[in-house]
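K.L.:
I would like to see how this sequence folds:
(2 chains)
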Amino acid sequence: MTTQPLTTTRPTTGAPAPARPPARPGGTKRALGWIAEHALLVALAAVFLVPVVFVVLTSFMGGHQTLTGALWPHPFQWSNYLTAFRTAPLGRWFANSLLYAGVSTILMLVSSVPMAYVLAKVRFKGASILFFAVIIAMLLPPQVTQVPVYVMWAQLRVVGTFWPLILPHLFGNAFSIFLLRQFFLSIPNEYLDAARMDGNGEWGVLTRVMVPMAKPGIAAASIFMFFQCWNDYYGPLLYTSENPDHWTIAYGLASFHGAHSTDWGVIMAVTTLATLPVVLVFFFAQRTFVEGITLTGVKG
Amino acid sequence: MTGPALIGLVVFFLYPLCANVFYSFTNYDLASPPKWIGLRNYEYLFTQDPRVGKAALNTLWFVVILVPVRMACSLGIALLLTRRKRASGFWRTLFYIPALVPPVASVVGFVFLFNPGAGPVNALLRTFGVKGPLWFNDPALSKPSLLLLGVWMMGDIMVIFLAALLDVPKDQYEAAELDGAGPGNKFRYVTLPNISPVVLFSAVTGVIAALQYFTEAAVASSVANGKTGIDAGADQLLGYPNDSLLTFTQWMYVQGFSSFQLGYAAAMAVVLFVVAAAVMAVLLRRAGLFRQKGA
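P.N.:
Predicted coordinates for the structure are as follows:
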């Protein structure tokens, strides 16, 4: 069954090239496996993409058409997007989300970068206790401390404003501290020692050596923080839901459908718009972002 | 240098953690000072509250079903992707994107896609002659519908698994092959032991996330019910249909921040804390997980 001379068997590495005619029975089997795997992958990918495609398609349908179970807009109705902006203060919601996410990210960096540096590179008594405290704060559900925190904000009379959402980040964010520490750990101590020999204090080492070298890590932590706030629903529900001027896009979107419950086309237009900024940021920062997620997968 | 973050740890974490225990023994509505009532909140929680049991069971459903299914699916897809040499970035991105979509947007989208009358999913089923179910409007199917959404959004775990899989030393696979191990045995004796810290990590974080499951269930309830925001009549709205989506944290939200029974909500928080702490004890016993070479 072979037309080729038998050669010594080599250990095969990686996927076999599909173009080569299978020389051995195992080759046929492997080629079939390759095809099956790719077919599965393409099918899965299609399933994962379908919801997005349908949501975007529906955003171009007229209200009556969305109720017929149609899959393709006919005709394409671009006006849903105009209607969305006319019927809801979308601009304000976007601006509020930007304010919440942007300011929180900046405040997070101010406090979490130094803390992460200390946890990663400075030896001191109680370091491991402090690190455990950060881990626990990161993992425990926020609802566990919600009542006293809410009471605190209520007593300060700032419920209904952005303060309860933004201010805590000035005092560090456990997840960011953890993520940044993982990055800082990967920077060799020799660089720090050299900087210290040159007469730098800890601040100098941090700002002149660590921060420039950990730029990808800092970028990843920032993007994470930004998305977390942009996507946050619970925080705005708890603190700003009674003040429509302070609604964010995530909260606004959840409230939008009730007022327009029959016009799915317009609702899907708002849904698409709420997602668009996240997807755009992701495409520009893709590598950094995936690197960041990868690093959160702690290795033993 | 650690000043601000230390203040944050104390003001937004350690103090509230302790204060919460105090509030759980009181009757407190924010308007008048907390009144000590001993164990009455806990007594009501465990013996009388008509809906807390349902909420806890629903939460348990998400812990027991959602977490393992999500992990199995993400591990499966990650395994498929590790075998891709070319365009691996493309595939990874493709499966990751749903995890980026704001949860509220994906819930609104899913409730529309699965809406019983005119949703595209049931329209598709109809072309195959199948009568589609009520999905988010059927108490028996509302949680499985959210499970579909949860699997769709599994990209975050998938990327972590993928990184762990790519880190497994190649020579171990070669050694196993020389010993005549097939794919199944290679997975069991080489892959699994190598990625087990990451599996444990994602199991624990997954369970903690499921314990606080809130946004998806709350938004699905209100969208499927055709109502506006959650604040108006939260207790009636949350959990639709028929309390099938009412989770522990939603009931806590209703008690604490809609009915302002803050003492009772604090007692619920204590229960949540005990469960979450038990889960974390598993993780912390394996604290080596967080130490890295050179730390």
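K.L.:
Quick check, pLDDT for residue B:229.
P.N.:
What the model reports for residue B:229 is a pLDDT of 58.
K.L.:
Got phi/psi on residue B:27?
P.N.:
With angles defined as degrees, to the nearest 10, residue B:27 sits at phi -110, psi 120.
K.L.:
what's the burial count for it?
P.N.:
Counted with other C-beta atoms under 10 Å in any protein chain shown, the neighbours of residue B:27 add up to 16. Backbone N, C-alpha and C define where each C-beta goes, glycine included.
K.L.:
Quick one: residues contacting it.
P.N.:
When the contact criterion is C-beta atoms under 8 Å, 6 or more residues apart in numbering or on different chains, the partners of residue B:27 are B:34-35, B:37, B:40-41, B:261, B:263.
K.L.:
do the same with residue A:92
P.N.:
Going by C-beta under 8 Å, 6+ apart, the list of residues near residue A:92 reads A:245, A:247.
K.L.:
10 Å instead?
P.N.:
Residue A:92 makes contacts with A:244-249, A:252, as judged by C-beta atoms under 10 Å, 6 or more residues apart in numbering or on different chains.
K.L.:
try residue A:53
P.N.:
Contacts of residue A:53 by C-beta under 10 Å, 6+ apart are A:46, A:71, B:120.
K.L.:
swap in residue B:213?
P.N.:
Each residue near residue B:213 by C-beta under 10 Å, 6+ apart is listed here: A:141, B:58-59, B:61-63, B:66, B:146, B:150, B:245, B:247-250.
K.L.:
Tell me how far it lies from residue B:9.
P.N.:
Plainly put, residue B:213 is 26 Å away from residue B:9 if you go by C-beta to C-beta, to the nearest Å.
K.L.:
which stretch of helix or strand covers the closest residue to residue B:66 other than its chain neighbours?
P.N.:
Spatial nearest neighbour of residue B:66, chain neighbours left out: residue B:150 (5.1 Å); criterion: C-beta to C-beta, 6 or more residues apart in numbering or on different chains. If you go by DSSP states H and E, residue B:150 is part of helix B:142-152.
K.L.:
Show me what that helix is packed up against.
P.N.:
Counting contacts by 3 or more C-beta pairs under 10 Å, 6 or more residues apart in numbering or on different chains; DSSP states H and E, helix B:142-152 packs against helix A:25-58, helix B:52-61, helix B:67-82, helix B:88-100, helix B:103-113, helix B:215-224.
K.L.:
Only alpha carbons, please: show it as PDB.
P.N.:
Output in PDB follows, covering the C-alpha atoms of helix B:142-152 (Å, rounded to 0.1, in the frame of the first residue of the first chain):
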ATOM      1  CA  SER B 142     -34.100  29.900  33.200                       C
ATOM      2  CA  LYS B 143     -31.000  28.600  35.000                       C
ATOM      3  CA  PRO B 144     -29.900  26.400  32.100                       C
ATOM      4  CA  SER B 145     -30.400  29.400  29.800                       C
ATOM      5  CA  LEU B 146     -28.000  31.400  32.000                       C
ATOM      6  CA  LEU B 147     -25.700  28.400  31.900                       C
ATOM      7  CA  LEU B 148     -25.500  28.800  28.100                       C
ATOM      8  CA  LEU B 149     -24.600  32.400  28.600                       C
ATOM      9  CA  GLY B 150     -22.000  31.400  31.200                       C
ATOM     10  CA  VAL B 151     -20.400  28.900  28.800                       C
ATOM     11  CA  TRP B 152     -20.400  31.500  26.100                       C
END
